[in-house]
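build me a structure from this.
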Amino acid sequence: MEHVATPVQLPKHQVDAVPTRCLQGIMDVVHKGSTIELRGFGRFRLRHRPARTGRNLRTGDMLQMRAKTVPAFTVGKAFQALVQTRTAPSRHADDVEAR
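Below you'll find the predicted structure:
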């Protein structure tokens, strides 16, 4: 948060309160079943997954998985365009650096 707090000359705890409250507001709206769109950034909504048959990878046994609702995010056009203008590092290079 320092990169935001310094230019606006506010303490970090005050700057941190704004995005924290915004994110809490997004979670509250999505929890109620509504969709929230931040133009250019993306859209938050609930996605319903139906019940299905799955497999325990360790034992190979088949099992029934219940239907559930999960939060979903769809990236906005402006955000996607910004990301696409940068070259992505290879995953292998990241793995080598981490070791």
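
can you list the domains in this structure?
For the chain, automatic domain parsing gives the domain ranges 1-34, 35-99.

in the shortest one, which residues are buried?
Residues of domain 1-34 classed as buried: 15, 30 (neighbour count, 16 or more other C-beta atoms under 10 Å). Any C-beta I mention is one placed from the backbone N, CA and C, and that applies to glycine too.

now the end-to-end length of it.
Counting by C-alpha to C-alpha, to the nearest Å, you get 29 Å between the two ends of domain 1-34.

ok, stretch 62-82 next?
Start to finish, the residues bounding stretch 62-82 are 43 Å apart (C-alpha to C-alpha).

hmm, who's touching that stretch?
Contact partners of stretch 62-82, identified using C-beta atoms under 8 Å, 6 or more residues apart in numbering, comprise 30, 37-56, 83.

what mean pLDDT does that stretch have?
In this model, stretch 62-82 has a mean pLDDT of 95.

chain center to that stretch: distance?
Centre-to-centre, stretch 62-82 and its host chain are 9 Å apart (C-alpha atoms, centre = their mean, to the nearest Å).

from the contact counts, what lies against the longest helix seen in the chain?
Taking DSSP state H as the criterion, the chain has its longest helix at helix 12-31. In terms of contacts (3 or more C-beta pairs under 8 Å, 6 or more residues apart in numbering; DSSP states H and E), helix 12-31 is packed against helix 2-8, strand 36-38, strand 42-49.
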